[in-house]
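Asks: Give me a model of this one.
(chains A, B, C and D)
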Protein chains: 2
Amino acid sequence: MNLANLRVACSNCNLRELCLPVGLSSDEFSRVEQIVATRRRIHRGDSLFRAGDRFDSLYAVRLGFLKSTLMSSDGHDQVTGFHMAGELVGLDGISSDSHTCDVTALEDTEVCVIPYERIEEFAATLPALQNHLRKVMSREIVREHGVMLLLGSMRAEERLAAFLLNLSQRFEARGYSRSEFVLRMTRAEIGSFLGLKLETVSRALSHFAQEHLIEVDQKHVRILDADRLRALLGSSAPKPER
Amino acid sequence: MNLANLRVACSNCNLRELCLPVGLSSDEFSRVEQIVATRRRIHRGDSLFRAGDRFDSLYAVRLGFLKSTLMSSDGHDQVTGFHMAGELVGLDGISSDSHTCDVTALEDTEVCVIPYERIEEFAATLPALQNHLRKVMSREIVREHGVMLLLGSMRAEERLAAFLLNLSQRFEARGYSRSEFVLRMTRAEIGSFLGLKLETVSRALSHFAQEHLIEVDQKHVRILDADRLRALLGSSAPKPER
DNA sequence: CGTTTCGTTGAAGAGTGTCAAGGCCAGTGG
DNA sequence: CCACTGGCCTTGACACTCTTCAACGAAACG
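Replies: Prediction:
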């Protein structure tokens, strides 16, 4: 394997504004690099970790695309999130020293391995990092609040519109086009994440296309009218305030 | 006001096994007490904080019952959680130095105010506390995963069963009866949390009662057959594995 | 004691799920 | 190179769950 040969260097990484070392001085920066010493490649379809695995590292996505899934007692499982470059994965494991969900690569993916104990020790002497870690965790909590809102109070087309706009925004933050991108996940995975069946997702996409809000060709999506998509979000109950 | 007169002492608090100072030595314990210097009372219907408020403290619920709600762009709002004694509230604020949801008392409530900057400084010298804080945050992430599962893949009666069992378990952990308790929230609030309409909640409760799974008298609930309630959870798709 | 909020129940309707058939595409092996 | 296969996607028809609308009763509150 050529993992050991990879020069790991946050300073070379084009994700450094998004990723772990945000807000560190260049000195601190280089010390973080020493902790994040290894990378790991996951082939499409393979898992980074699975529920029940011992937790010992966080992972920063360097390139590729992942999903996390949670299995319920009845064996049915659900997608709880999609992860792209620059995002931190594995925070769920901190609470009980073992992971509570599966994380699977939707395309060939590379992550930076961040040994938790070492980053923990290190953060103890480095308030900026400590602070950043907590913010990342808190942001995850806020993100999940948003998903709860989506699942609890939106209907199918609103959910899908929110989903597309969210993806669009995340791609844009990474320097890709915000209006044209490739869905790395299947319709069934989108549906699972949004609490819908794959047929409903498919129908909603077709309907958007018919309304000229988007163009869809298989996994390729082009957003034609982001404003009208956004307008869909608030429109479920356009009730006059009393 | 008699707030200043209240002797705040974690060591006297019957929640100390649940709350912040878990796993601290008695020495560390007493130092935490000094930080958690004040309490705050919130009357039923009043809010502890609101979305947009500056974040500067976490709150530990000492007694009472709270809900957090999130407002979506269209003015519709949704309950994202209920909080009872021993639980920590306000973690969402860390990410952006301002709160992202409203937290409202459902009955007269008392919380311990934990100034964030001070606990932060303090945790820097106290790994056990640091660790504990991160675990609490991670646990919140895991909890929300569970809610996503509930909202995304369960039907009305399953959701309600899961909700009742969750409450039951939390009451038990606090030394109350696990089979008999009072719902502090309205049907509409339960519905909002579960992604259902209040009528659906009401019907599901009536149906459970009719099946002798529970007894309901207004807000008073008695669980008669927890096992069958639990069995409801996995039963949506009892498909034979192939 | 009136007013308001909250809860229950029924009937009708909308939105999704379910089931089924067929098309498209990539990969595989003849 | 082509047929075959399996996974993924689309579309239609129908069933079902949940919502919506409405009316009424009960409890809580000033």
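Asks: Can you list the low-confidence ranges for chain A?
Replies: A:1-9, A:17, A:21, A:235-242 (pLDDT under 70).
Asks: so where do the helices sit in it?
Replies: Under the criterion DSSP state H, chain A contains helices at A:26-35, A:116-124, A:127-153, A:156-173, A:187-194, A:198-210, A:226-233.
Asks: got the angle between the longest one and helix A:116-124?
Replies: Between the axis of helix A:127-153 and that of helix A:116-124 there is an angle of 120 degrees, by axes from the mean of the first three to the mean of the last three Cα atoms, to 10 degrees.
Asks: Helix A:127-153 vs helix A:226-233, what angle?
Replies: 70 degrees.
Asks: Does DNA strand C have contacts with helix A:127-153?
Replies: No - if you take Cβ under 7 Å from any atom of the strand as the test, helix A:127-153 misses DNA strand C, and the best it gets is 10.5 Å. Using the backbone N, CA and C atoms, a C-beta is placed for each residue, glycine as well.
Asks: what about that helix, near chain B?
Replies: Yes - using Cβ under 8 Å from any Cβ of the partner chain, helix A:127-153 comes into contact with chain B via A:127, A:130-131, A:133-135, A:137-142, A:144-149, A:151-153.
Asks: and that helix with helix B:187-194, angle?
Replies: Using the same axes, to 10 degrees: helix A:127-153 against helix B:187-194 is 120 degrees.
Asks: A:Ile141 touches B:Ile141, doesn't it?
Replies: Yes - with contact defined as Cβ atoms under 8 Å, A:Ile141 reaches B:Ile141; the gap is 6.1 Å.
Asks: tell me the contacts of the residue nearest the centre of chain A?
Replies: The centroid of chain A falls nearest to A:His83 when counting by Cα atoms, centre = their mean (2.3 Å). Listed by Cβ atoms under 8 Å, 6 or more residues apart in numbering or on different chains, the contact partners of A:His83 are A:Val61, A:Phe65, A:Leu66, A:Lys67, A:Ser68, A:Val89, A:Val103.
Asks: Identify the residues contacting A:Arg54.
Replies: A:Arg54 neighbours (Cβ under 8 Å, 6+ apart): A:Asp97, A:Ser98, A:His99.
Asks: try it again with 10 Å
Replies: Residues near A:Arg54 by Cβ atoms under 10 Å, 6 or more residues apart in numbering or on different chains: A:Gly93, A:Asp97, A:Ser98, A:His99.
Asks: picking that back up, overlap in contacts of A:Ile141 and B:Ile141?
Replies: Contacts common to A:Ile141 and B:Ile141, judged by Cβ under 10 Å, 6+ apart, are A:Leu91, B:Leu91.
Asks: returning to what we had before: can you say which of the helices of chain A is packed in most?
Replies: Mean neighbour count (mean count of other Cβ atoms under 10 Å in any protein chain shown) peaks for helix A:187-194 among the helices of chain A, with a mean of 22.
Asks: Remind me what that one packs against, helices and strands.
Replies: With contacts taken as 3 or more Cβ pairs under 10 Å, 6 or more residues apart in numbering or on different chains; DSSP states H and E, helix A:187-194 sits against strand A:57-71, strand A:77-84, helix A:127-153, helix A:156-173, helix A:198-210, helix B:127-153.
Asks: which stretch among these comes nearest A:Val111?
Replies: strand A:57-71 (4.1 Å; Cβ to Cβ).
Asks: rewinding a little: looking at strand pairing, list the partners for the residue nearest to the centre of chain A.
Replies: A:Leu66 (DSSP bridges).
Asks: so A:Thr100 touches A:Phe55, yeah?
Replies: Yes - applying Cβ atoms under 10 Å, one finds A:Thr100 in contact with A:Phe55, separated by 9.1 Å.
Asks: joint contacts of the two?
Replies: With Cβ under 10 Å, 6+ apart as the test, A:Thr100 and A:Phe55 both reach A:Asp92, A:Gly93, B:Ser138.
Asks: State the number of residues packed around the first one.
Replies: This points to A:Asp92. 25 (other Cβ atoms under 10 Å in any protein chain shown).
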